[in-house]
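*Asks:* got a sequence here, can you model it:
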Amino acid sequence: MRAGLEVIAAVAALKTRAGEPLAVRIGIATGLVIVGNLNARGALREHAVVGDTPNLAARLLALAEPGSLVIAASTRRLLGDLFRLATATLGEFPPRLPDVGENGLRRSDLPGPLGDRAG
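*Replies:* Numbering: from 1, shown residues only. Sure, this is the predicted structure:
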């Protein structure tokens, strides 16, 4: 999660020759993944990543707005309260964050597209 947020910030900070802003979309899912060689011959080895988890991450990536990160419920459970997260339902992207959070911070005070770590 932290790495994903750092990637979002790093890409946003990149400058292009055309002066156009860059943004990345990230989807994170937690679960079993199978990784194997598609072609084990020669120096060029391709690795296949298969399973429900990478498929879910790809679908979450497709839902993410530019400059945002979407996580699966499995990942959410593992995070506990390490991050301030916004909950959204399908069709509600980006999720609406309250103007003032439980800790009194205004939404505009939170860094990043969906807020930052809670602690």
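
*Asks:* and P21, what does it touch?
*Replies:* A12 (C-beta atoms under 8 Å, 6 or more residues apart in numbering). All C-beta spots, glycine's among them, are computed from the backbone N, C-alpha and C.

*Asks:* so it, which state does it fall into?
*Replies:* coil (DSSP: H, G, I helix; E, B strand; the rest coil).

*Asks:* ok, now how distant is it from A12?
*Replies:* According to C-beta to C-beta, to the nearest Å, P21 and A12 sit 7 Å apart.

*Asks:* what do you get for A29?
*Replies:* Applying C-beta to C-beta to A29 and A12 gives a distance of 23 Å.

*Asks:* cool, and R77?
*Replies:* 28 Å.

*Asks:* who has more neighbours, these two?
*Replies:* When R77 is set against A12 and neighbours are counted by other C-beta atoms under 10 Å, the residue ahead is A12, at 15 against 10.

*Asks:* my guess is the more buried one meets L22, correct?
*Replies:* Yes. Using C-beta atoms under 8 Å, A12 is in contact with L22, at 6.8 Å.

*Asks:* secondary structure class for A62?
*Replies:* Here A62 is recorded as helix under three-state DSSP.

*Asks:* quick one: residues contacting the residue nearest to it when sequence neighbours are not counted.
*Replies:* Leaving aside its sequence neighbours, A62 sits nearest to G27 (C-beta to C-beta, 6 or more residues apart in numbering; 7.3 Å). Taking C-beta under 8 Å, 6+ apart, we find G27 in contact with 56-64, 69-72.
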